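Q: Sequence first, predicted coordinates after that:
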Amino acid sequence: MTTSQKINDNIKPMQDQQTDEINLLDYLKIINKHRLLILIIFVVAVTATAIISLIMTPIYEAKAVITPATQQKEISPMAGLAAQFGIATPAFSSATEIINLLNSNILREKIIKVYNLLPLFFEKGSLDKKTENEKIWAGLNYLKGALKVNFKQKENIIELSMQFKDPQKSAEIINYTLTELTNHMSSEAKRVADTNRKSLEALLITTADPLIKAKIYNMIAQQIEQSAMSEVKENFAFKIIDPPRAPDKRIKPRRRQMVMISAVTSIFAGIFIAFFKEYIDKTRKV
């Protein structure tokens with residue numbers, strides 16, 4: 001490599017560096033030239049966001065934590081016999097069953113109707129032109145967005161949360177939900193147990209074998225016990241680990257976060273508009 005080539009190779013990086021510095025300086029000049037425009041966009045955006053955040057309705061979130069009742073089901077030789085006769089043996093609730101019920105429209109419709117929640121969810125007169133079915137669907141859609149179910153599998157707990165503008169009402173709605181969940185699960189368990197008992201009693205009449213009769217008597221006793229347990233209700237299907245309480249702080253709107261995001265976004269938007277304006281001005285001159 002000749003000496004002149006080496007000199008050219010050394011000069012080229014220096015020229016590129018100078019070009020980069022010139023480009024950066026040009027960018028800074030454009031920003032400085034339109035600094036008033038950028039400042040106006042920043043002030044307007046931040047002020048508007050602050051005003052909107054103050055106008056927005058505060059939203060509160062109440063929470064409750066429950067866990068499925070941990071009752072051991074005895075494995076009995078009669079379980080196979082019951083299955084042969086089409087009899088459902090007593091089964092205790094699982095987390096999956098509780099979660100599915102909490103998310104079901106059947107349970108939520110009960111809550112809406114029993115506690116008359118539609119006037120609480122919607123402004124007076126907003127549902128006047130809707131049919132009863134449409135009103136119920138409006139309530140279900142509202143609960144779908146506000147009432148959340150979160151299952152933490154590792155701890156085997158279910159977290160139920162309700163977001164609402166009234167902190168006291170948010171806690172009350174969770175209480176309504178837990179009450180109706182208990183009522184639904186206990187009544188369903190009682191219905192199944194009573195149906196099984198009647199089937200077993202009918203089967204008892206047609207059975208001549210004394211050994212089979214003795215086993216059927218035992219299964220009838222199990223169904224009677226299951227029916228009695230379901231009527232107690234307390235801790236029948238689940239236990240309340242942490243009952244709902246009216247929250248003391250809102251979760252929405254997050255005013256500080258909204259203003260900070262607005263400030264950063266408005267600066268970038270202002271710089272973009274400044275470069276775009278500069279481009280338009282140069283295009284017109286050409």
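A: That came in fine, so what should we check first?
Q: then stretch 195-204 to PDB, C-alphas only?
A: Extracted in PDB, the C-alpha atoms of stretch 195-204 (Å, rounded to 0.1, in the frame of the first residue of the first chain):
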ATOM      1  CA  THR A 195     -82.000 -37.400  43.000                       C
ATOM      2  CA  ASN A 196     -79.500 -40.200  43.800                       C
ATOM      3  CA  ARG A 197     -81.300 -41.100  47.000                       C
ATOM      4  CA  LYS A 198     -84.600 -41.500  45.200                       C
ATOM      5  CA  SER A 199     -83.000 -43.600  42.500                       C
ATOM      6  CA  LEU A 200     -81.300 -45.800  45.100                       C
ATOM      7  CA  GLU A 201     -84.600 -46.200  47.100                       C
ATOM      8  CA  ALA A 202     -86.300 -47.300  43.800                       C
ATOM      9  CA  LEU A 203     -83.500 -49.700  43.200                       C
ATOM     10  CA  LEU A 204     -83.800 -51.100  46.700                       C
END
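Q: buried set for that stretch?
A: 196-197, 199-200, 203 (16 or more other C-beta atoms under 10 Å). C-beta coordinates here come from the backbone N, C-alpha and C atoms, glycine included.
Q: can I get these in CSV with pLDDT and distance to residue 229?
A: Below are the buried residues of stretch 195-204 laid out as CSV (pLDDT from 0 to 100; distance: C-beta to C-beta, whole Å):
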residue, pLDDT, distance to residue 229
196, 84, 14
197, 84, 13
199, 84, 19
200, 83, 17
203, 82, 23
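Q: Redo those residues as CSV? Include secondary structure.
A: Listed next are the buried residues of stretch 195-204 as CSV, based on DSSP: H, G, I helix; E, B strand; the rest coil:
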residue, secondary structure
196, helix
197, helix
199, helix
200, helix
203, helix
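Q: Mind telling me what element residue 194 is part of?
A: Taking DSSP states H and E as the criterion, residue 194 maps to helix 167-206.
Q: meant to ask about residue 223, not that
A: Assigned by DSSP H and E, residue 223 falls in helix 210-232.
Q: Ok, residue 284 next?
A: helix 255-285.
Q: Repeat that for residue 111.
A: Using DSSP H and E, residue 111 falls in helix 105-114.
Q: Quick one: list the elements packing against the next helix or strand after that helix.
A: Where DSSP H and E defines the elements, the next helix or strand beyond helix 105-114 is helix 118-121. Contact analysis of helix 118-121 by 3 or more C-beta pairs under 8 Å, 6 or more residues apart in numbering; DSSP states H and E lists helix 132-146 as its packing neighbours.
Q: next one: the helix it packs on to chain centre, how far?
A: 16 Å (C-alpha atoms, centre = their mean, to the nearest Å).
Q: The very next helix or strand once past that helix - what's its average pLDDT?
A: Counting by DSSP H and E, the next helix or strand C-terminal to helix 132-146 is strand 147-152. Strand 147-152 carries an average pLDDT of 94.
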